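>>> Structure for the following, please:
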Amino acid sequence: REIIKRISLYGELHRFIPALAKLEGAKITEIVVNHHPRKYGKSKYNITRTFRVIMDLTTLNLFLKHLKNPLRFFGGLAALSLLLAFFTTIWAGMTFLSNNFEPASMNVLITLVFLLVVTMFQFVFLGLLATLIVHTGKKKAFYLINK
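All right, here's what the predicted structure looks like:
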């Protein structure tokens, strides 16, 4: 009962209650059941539901890996953005030094570098904000202590 109270279900995460309970320390057992073929109606599962399940799995993965410290996730995205800005700067420098220099293409590359650096700062600040929200909005402890 304690474990079920600790599980937060977002969207359609009810499909993953056993997996979430296992992560909270519950012991999960498989019970064999007899399934009978459908007599009436048709299945409601289709490609749209499959897409929603994939999105829920992505959400679950994000929550499980990065809920305690979201800055690690957003910091990784910031580092990727900075790396792209660095390589774009090198590309712009090589273009400038080559014989194929065109001012219009240089303007595009400089604008791209600027946008990537701004995006990097946005990811860092978003990570800091998310970390602040997670740590100030704690309604429950992150760890369950077995008695």
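
>>> Leaving out sequence neighbours, find the closest residue to the most centrally placed residue in the chain.
What sits nearest the mean C-alpha location of the chain, by CA atoms, centre = their mean, is residue 62, with 3.8 Å. Of all residues not flanking residue 62 in the chain, residue 73 sits nearest, at 7.1 Å (CB to CB, 6 or more residues apart in numbering). C-betas here are computed from N, CA, C, even on glycine.

>>> before we move on, what about residue 101?
Nearest non-adjacent residue to residue 101, counting by CB to CB, 6+ apart: residue 95, 6.2 Å away.

>>> If we go by neighbour counts, what in whichever strand or helix holds the one you found is buried?
Secondary structure assignment for residue 95, by DSSP states H and E: helix 70-97. Neighbour-count burial for helix 70-97, with 16 or more other CB atoms under 10 Å as criterion, is recorded at 70-71, 73-75, 77-78, 81-82, 84-85, 88-89, 92.

>>> got the buried residues for the helix or strand of the chain with the lowest mean pLDDT?
Least confident helix or strand of the chain, by mean pLDDT, DSSP states H and E, is helix 2-6 with a mean of 72. Of all the residues in helix 2-6, those buried under the rule 16+ other CB under 10 Å are residue 6.

>>> can you check stretch 9-19 too?
For stretch 9-19, by 16+ other CB under 10 Å, it's 13, 16.

>>> hmm, back to that, how much distance is there from the least confident helix or strand of the chain to the middle of the chain?
24 Å (CA atoms, centre = their mean, to the nearest Å).
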